[in-house]
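1. Model the following, please.
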Amino acid sequence: MASSSKSEGKKSEGDLKYEEMTPLQKHVAFFDRNKDGLIYPWETFQGMRAIGAGIGLATVSAVFINGALGPKTSPGKFPSLLFPIHVENISKGKHGSDSGVYDSEGRFVPEKFEEIFKKYAKTKTDALSGKELDDMLQGNKEPKDSKGHFAGKTEWKVLYLLAKDKDGFLSKDAIKGVYDGSLFTKMEQERSSSQKKS
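-> I've put the predicted structure just below:
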């Protein structure tokens with residue numbers, strides 16, 4: 001007999017317990033604002049706003065992210081016209097031309113993560129500049145995979161825009177936080193506390 005994870009004070013995504021999620025599921029779970037296991041476009045919008053995206057970027061992100069991932073993660077043949085992303089099935093939404101840091105089931109692959117910095121971090125060993133990020137995206141590009149390359153490039157450019165430091169570097173810790181699902185929560189908390197101070 002399983003007890004409710006919500007009653008134990010643990011995060012839950014529908015029937016999926018947070019502590020049992022893969023890193024990829026945790027990565028997207030931040031956007032499941034009501035923790036029901038489904039991410040609707042308005043939740044993607046709210047999540048993007050919570051991490052500092054403007055209204056325009058948050059709107060475009062919600063349309064494209066949910067439009068692309070909603071049908072891919074749908075458990076049935078006929079996806080909902082509201083395009084919810086099913087957190088449990090997010091590994092079905094993996095695209096080509098990516099870094100390989102998530103395997104096909106959404107698990108974190110440490111060797112692939114370290115490889116990013118061994119190959120591309122030339123200025124600092126623990127961060128990527130904008131140019132180094134471009135080099136990585138080009139290095140990840142698979143032949144005849146324009147959709148996957150576009151998806152990867154868009155994700156990384158938005159991350160760079162929102163999470164780079166004052167010197168224009170995307171830190172290794174920030175990138176690891178994206179992969180393990182912790183960065184977005186941290187960004188929301190930092191943004192919330194800075195708004196309270198002003």
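2. Can you show me the strands along the chain?
-> Ranges of strands in the chain, per DSSP state E, are 12-13, 16-17, 38-39, 85-86, 127-129, 169-171.
3. burial measure for the nearest residue to residue 188 once chain neighbours are set aside, as a count.
-> Of all residues not flanking residue 188 in the chain, residue 50 sits nearest, at 4.4 Å (CB to CB, 6 or more residues apart in numbering). Bear in mind the C-beta positions are built from the backbone N, C-alpha and C, glycine included. Residue 50 has 19 neighbours, counted by other CB atoms under 10 Å.
4. that older thread, closest one to residue 157 among the strands of the chain?
-> Set against residue 157 and scored by CB to CB, the strands of the chain come closest in strand 169-171, at 10.5 Å.
5. packing partners for that closest one?
-> Helices and strands touching strand 169-171, by 3 or more CB pairs under 8 Å, 6 or more residues apart in numbering; DSSP states H and E, are strand 127-129, helix 146-163.
6. Let me see the confidence value for the residue lying closest to residue 26 once chain neighbours are set aside.
-> Nearest non-adjacent residue to residue 26, counting by CB to CB, 6+ apart: residue 181, 2.9 Å away. With respect to pLDDT, residue 181 scores 87.
7. I'd guessed residue 181 sits against residue 23; true?
-> Yes - if you go by CB atoms under 8 Å, residue 181 and residue 23 touch, sitting 6.2 Å apart.
8. any idea how far the residue nearest to residue 188 is from residue 44?
-> Using CB to CB, to the nearest Å, residue 50 is found at 11 Å from residue 44.
9. separation between the residue nearest the centre of the chain and residue 81?
-> Taking CA atoms, centre = their mean, the centroid of the chain lies closest to residue 27, which sits 4.8 Å from it. Per CB to CB, residue 27 is found 25 Å from residue 81.
10. likewise residue 68?
-> Shown here: residue 68 relative to residue 81, a distance of 15 Å by CB to CB.
11. neighbour count winner among those two?
-> More neighbours surround residue 68 than the other of residue 68 and residue 81, with 17 against 7 (other CB under 10 Å).
12. For the residue nearest to residue 188, which residues are in contact?
-> 184, 187, 188, 191, 192 (CB atoms under 8 Å, 6 or more residues apart in numbering).
13. Surely residue 41 is in contact with residue 63?
-> Yes - look at residue 41 against residue 63 with CB under 8 Å: they come within range, at 6.7 Å.
14. for this protein, what spans make up the helices?
-> Applying DSSP state H to the chain gives helices spanning 23-29, 41-50, 55-73, 110-120, 130-140, 146-163, 172-180, 183-197.
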